[in-house]
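A.B. asks: Sequence first, predicted coordinates after that:
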Amino acid sequence: MSTPIKLTRKLQRRIDRMYGRGDGKLVKDFSPSGRSGLFIYAVTVREHPDKVKIGMSRRWTTRRLEYANWNLAKGDGIIEERVFVLNEEFIDLEKLENHILCTFEAQRAHGREWYFGSVDDAGRHIDRIMCEHGLSYTF
């Protein structure tokens, strides 16, 4: 007969963090420290009301603050936004964003993420891509 292994408190905490406390799930959250989720968004800022930017982020609250303060805007620098919160745990966010950008049929304004168009157009396109690929999301 083998003797049971006595776990130190530190080792037990590591095991509890990794496997949970007996709830049967191996891992509760795959988000690395500091990441709040997976987001695809379309946003229009006050400085460019005729353009929409489509992007992705793992920290939407931080990214939102950057747009809200766009060129030191007084008040909120964002006119309109659509944020898609992905419910999938394993997804290549960069590849998804690239596919959305490559298939969006609006005229490019500058760079690869800015287009002449509206947030509604971009939102409908993002929704269509998500549905075509069976990705679940919330707003």
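C.D. replies: Structure's in. What do you need? Note that this is a predicted model, so its numbers are computed, not measured.

A.B. asks: middle-most residue in this protein, spatially?
C.D. replies: residue 39 (1.6 Å; Cα atoms, centre = their mean).

A.B. asks: Is it correct that that one is in contact with residue 87?
C.D. replies: No - with contact defined as Cβ atoms under 8 Å, residue 39 does not reach residue 87; the gap is 11.5 Å. Quick note: C-beta positions are derived from backbone N, CA and C, even for glycine.

A.B. asks: returning to what we had before: beta partners for the residue nearest to the centre of the chain?
C.D. replies: residue 57, residue 85 (DSSP bridges).

A.B. asks: ok, it - contacts?
C.D. replies: Residue 39 makes contacts with 56, 57, 58, 60, 63, 83, 84, 85, 86, as judged by Cβ atoms under 8 Å, 6 or more residues apart in numbering.

A.B. asks: Tell me the spacing between it and residue 107.
C.D. replies: Separation of residue 39 from residue 107 (Cβ to Cβ, to the nearest Å): 25 Å.

A.B. asks: if we can go back for a sec, what would the contacts of residue 39 look like in CSV with pLDDT?
C.D. replies: Converted to CSV, these look like this (pLDDT from 0 to 100):
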residue, pLDDT
56, 94
57, 93
58, 90
60, 90
63, 90
83, 95
84, 95
85, 92
86, 91
